[in-house]
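Asks: Test case, fold it:
(chains A, B, C and D)
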Protein chains: 2
Amino acid sequence: MADDLFKALADSTRRTILDELAERSGQTLFEICARLSMRHGLGISRQAVSQHLAVLEAAGLVETRREGRYKFHDLNTAPLRRIAERWLVPDTPDPEDSTP
Amino acid sequence: MADDLFKALADSTRRTILDELAERSGQTLFEICARLSMRHGLGISRQAVSQHLAVLEAAGLVETRREGRYKFHDLNTAPLRRIAERWLVPDTPDPEDSTP
DNA sequence: AGGATAGGCAAGTACTCACTTGCCTATCAA
DNA sequence: TTGATAGGCAAGTGAGTACTTGCCTATCCT
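Replies: Have a look, this model is predicted:
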């Protein structure tokens, strides 16, 4: 659960994708590919970006909506808010990692 | 720089170590090993924990102080606070990942 | 000094993961 | 229908990494 979130954030390309979606929400796969290439100089295939988006969606950081042949991607920052709270608040720890 | 931070958080054992240090700061390597085994059921070698602590220290999440033959580890939550801010604030993005 | 404790260094192994390659499906426009 | 566009599925490859094993250094106590 939380493991998916942190693993998703561990890759720099995925973090750049989050940057792009934070700036302009609702982009399609091809739009994201173009902007990664143009603005960030990332020579990366469409399939690679698609796989990154799947990871981000599994982590709950990206939500998608389909319209016709287009699939729009939206950023969801809710999971990010709980990251810092885990170690800042000396509360009962999340039993997430106790039994991997 | 920020890459070290996210990579450090990507491992569940390291996150559990942060949990332990959040609960009791200033533990030694052997104390951390014992608590990981006792309270979390993690059968992990001392060297593995030592390597994890090195990763956490490189990420700025753990600071160490040496006293005699003991090395105490303290949690530093400062880097965590800036994680959520990156995508919550629609500001000029950190140019960190532009040129990997 | 000698043993015990706390920690460090380095090479090897096994596994994960990012990325590519190749092909396939679905929607829209002519 | 035909072609073009947007996206998906799956196997293979190469690099990174978590962990082990073995040995070494430093500090403390008797």
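Asks: contacting residues around A:T28?
Replies: A:70-73 (Cβ atoms under 8 Å, 6 or more residues apart in numbering or on different chains). To be clear about C-beta, it is placed using only N, CA and C from the backbone, and glycine gets the same treatment.
Asks: tally of neighbours for A:L36?
Replies: Around A:L36 there are 21 other residues, counting by other Cβ atoms under 10 Å in any protein chain shown.
Asks: Am I right that it is in contact with A:L18?
Replies: No. Using Cβ atoms under 8 Å, A:L36 is not in contact with A:L18; the gap is 11.7 Å.
Asks: I'd like to know how far the residue of chain A found nearest DNA strand C sits from chain B.
Replies: Here chain A gets closest to DNA strand C at one residue, A:G68, 2.6 Å apart by Cβ to the nearest atom of the strand. To chain B, A:G68 is 28 Å away according to Cβ to the nearest Cβ, to the nearest Å.
Asks: do A:T77 as well
Replies: 5 Å.
Asks: hang on, isn't that residue packed against B:W87?
Replies: Yes. Using Cβ under 8 Å, A:T77 is in contact with B:W87, at 5.4 Å.
Asks: which neighbours do those two share?
Replies: Joint contacts of A:T77 and B:W87 (Cβ under 8 Å, 6+ apart) are A:A22.
Asks: Just want to know which of these two has more residues nearby.
Replies: B:W87 (20 against 14).
Asks: Which residue is the nearest non-sequential neighbour of the more buried one?
Replies: A:A22 (4.8 Å; Cβ to Cβ, 6 or more residues apart in numbering or on different chains).
Asks: Pull out the buried residues from the helix or strand where the one you found lies.
Replies: Taking DSSP states H and E as the criterion, A:A22 maps to helix A:12-23. Across helix A:12-23, burial judged by 16 or more other Cβ atoms under 10 Å in any protein chain shown covers A:12-22.
Asks: ok, now which ones touch A:L88?
Replies: Contacts of A:L88 (Cβ under 8 Å, 6+ apart): B:77, B:80-81.
Asks: Quick check: the gap between the residue minimising distance to the centre of chain A and A:D11.
Replies: The residue lying closest to the centre of chain A (Cα atoms, centre = their mean) is A:L56, at 3.3 Å. Per Cβ to Cβ, to the nearest Å, A:L56 is found 9 Å from A:D11.
Asks: Could you do A:E31 as well?
Replies: 20 Å.
Asks: More neighbours: which of the two?
Replies: A:D11 (18 against 15).
Asks: The nearest residue to that one once chain neighbours are set aside: neighbour count?
Replies: For A:D11, ignoring the flanking residues on the chain, the nearest one in space by Cβ to Cβ, 6+ apart is A:H52 at 7.0 Å. Using other Cβ under 10 Å, A:H52 has 22 neighbouring residues.
Asks: Over to A:L5?
Replies: Neighbourhood size, A:L5 [other Cβ under 10 Å]: 20.
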